[in-house]
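In: here's a sequence, model it:
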Amino acid sequence: MLETGDRNSAVTTQLDRGGVALGRWGRRQYDVVMARVLAPPVWPRALVLLAVLAGAILRLVDLHGVPPGLHQDEAIYAYDAYSLAMTGRDHLGHPFNLVGFEAFGEWAPPLLILIEAPFVGLFGLHVELVRAITALICVAGVPIV
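Out: Residues are numbered from 1 along each chain as shown. Take a look at the predicted model:
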């Protein structure tokens, strides 16, 4: 703390290092107030948490029945994951591949299949499991968006 004014005068003003007059406040009270002012607000984190919770509820409720049946992409990704876990090859017999898996004349991205493979290998080929993995990946992406 710096003090300004005449040493003999009874009135002095306390200044912080930035030159702001503190008046009756001491340095400790000033630091407490500034910490509260400069602290990040809590409500953005609460909104993100609320969005993640809403996304989880919407994605994880009734995995078996909504939508009814498996879409062909879900089915081929799940079967490729199953085949990869059991034999180390995709459903067409191609060995372990990091570039892409052939499916219905197009190439499927391998990331989802490679993530699903250990879970399908451990727990079996079930609709709920395949959709839960995709739903959990989507819920993890909600804060990014």
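
In: checking my notes, Leu114 in a helix, right?
Out: Yes: the assignment for Leu114 (DSSP: H, G, I helix; E, B strand; the rest coil) places it in a helix.

In: residue contacts, it?
Out: Leu114 makes contact with Ala81, Leu84, Leu98, according to CB atoms under 8 Å, 6 or more residues apart in numbering. In short, each C-beta sits where N, CA and C put it, glycine included.

In: so can I have a markdown table of these showing secondary structure, pLDDT and neighbour count?
Out: Listed next are the contacts of Leu114 as a markdown table, based on DSSP: H, G, I helix; E, B strand; the rest coil; pLDDT from 0 to 100; neighbours: other CB atoms under 10 Å:
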| residue | secondary structure | pLDDT | neighbour count |
| --- | --- | --- | --- |
| Ala81 | helix | 94 | 27 |
| Leu84 | helix | 93 | 25 |
| Leu98 | coil | 81 | 7 |
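
In: for those, which one is nearest Ala108?
Out: Closest approach to Ala108 among the contacts of Leu114 (CB to CB): Ala81, at 10.7 Å.

In: OK, contacts around that closest one?
Out: Ile113, Leu114, Glu116, Ala117, Phe119, Val120, Gly121, Val130 are the contacts of Ala81 under CB under 8 Å, 6+ apart.

In: in the protein, where is pLDDT below threshold?
Out: Across the chain, residues meeting the criterion (pLDDT under 70) sit at 1-26.

In: before we move on, the earlier item: the contacts of Ala81: which two are farthest apart?
Out: Maximum pairwise distance in the contacts of Ala81, criterion CB to CB, is 13.8 Å, between Leu114 and Val130.
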